[in-house]
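>>> Generate a structure from the sequence data that follows.
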Amino acid sequence: MDRQQISRLAHAHHPIAAPLADESVARLLDRATAGRADGRALDLGCGEGAWLIRTLAARPGWHAVGVDLDARALTRARETATVLGVERRIGLHHLDAREFTAKEPFDLVVCVGSTHAFGGLLPTLAAARELLSPGGRLLVGDGFWQREPSQAALDGLGAARDEFTDLATTTDRVLADGWTPVSGHVSTEREWEEYEFAWTGSLAEWALDHPDHPEAAAAREAADRRRREWLHGYRGTLGFVTYLLRRD
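Residues are numbered from 1 along each chain as shown. Below is the predicted model:
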């Protein structure tokens, strides 16, 4: 079972592909679009378009563009947009986020949980800078170490120790790169646990509901492995911060 299919199944009950509760998403989007009756939003690594579709549903004057490599996720995004009546205000591109260009800048750029597409947080900031209008806002979410990672945590994440830093150092790097946090959110323990149980539970339940599917065993193994890596590895060690940034 390929990574994209696993992700689609795992996020069936948690469309935001990050440890953020619905109320946290709503609050961040409200702050990110505040003061603008109309605008243009871009999501780099949009998946099923949850951030963009919520923005359009709340802001009738906004338009949006989403970019992702998962064609099936984009199809689901179109279907959801159609159901909510916002399909005419969203454009979806089956494309590597690193290759996306636009003739006009965006008032809001979103990249939450997809910074790996650019090779990390700072390269993501560099890419967003080229797409953001003067005075525009960037909503970006990435991991940080809540505490010094054990080898079990590193093995569970498949990460190197220097892949993340603590929250203070991460924020200092953002500031040094010419960005100012104007709002933000650090995911709570409850948000993490809801996310991980939704991820592993949705995938495992799909396997239970499709026992004769040729990839049922692979799905169950992926769910069991993720649950084990979380509970015995990175639980309480990996944090997640979502910044709302403006350029200096």
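>>> so what's residue 61 scoring on pLDDT?
Residue 61 carries a pLDDT score of 97 in this model.
>>> Can you report how many residues lie near it?
Neighbourhood size, residue 61 [other CB atoms under 10 Å]: 11. For glycine as for every other residue, the C-beta is placed from the backbone atoms N, C-alpha and C.
>>> And for residue 60?
The tally of other residues near residue 60 (other CB under 10 Å) stands at 11.
>>> Then residue 2?
Residues lying near residue 2 (other CB under 10 Å) number 10.
>>> quick one, phi/psi of it?
Its backbone dihedrals place residue 2 at phi -80, psi 160, with angles given as degrees, to the nearest 10.
>>> swap in residue 101?
phi -130, psi 160.
>>> With residue 138 instead?
Dihedral angles of residue 138 (phi, psi; degrees, to the nearest 10) stand at phi -120, psi 130.
>>> Name the nearest residue to it, ignoring sequence neighbours.
residue 245 (4.4 Å; CB to CB, 6 or more residues apart in numbering).
>>> Now the helix or strand where that neighbour lies: buried residues?
Residue 245 is located in strand 238-247, with elements delineated by DSSP states H and E. Within strand 238-247, the residues that count as buried by 16 or more other CB atoms under 10 Å are 238-245, 247.
>>> Likewise for stretch 6-26?
Residues of stretch 6-26 classed as buried by neighbour count (16+ other CB under 10 Å): 6-11, 14-21, 24-25.
>>> Kindly report the same for stretch 187-199.
Judged by neighbour count (16+ other CB under 10 Å), stretch 187-199 contains these buried residues: 187, 191-192, 194-196, 198-199.
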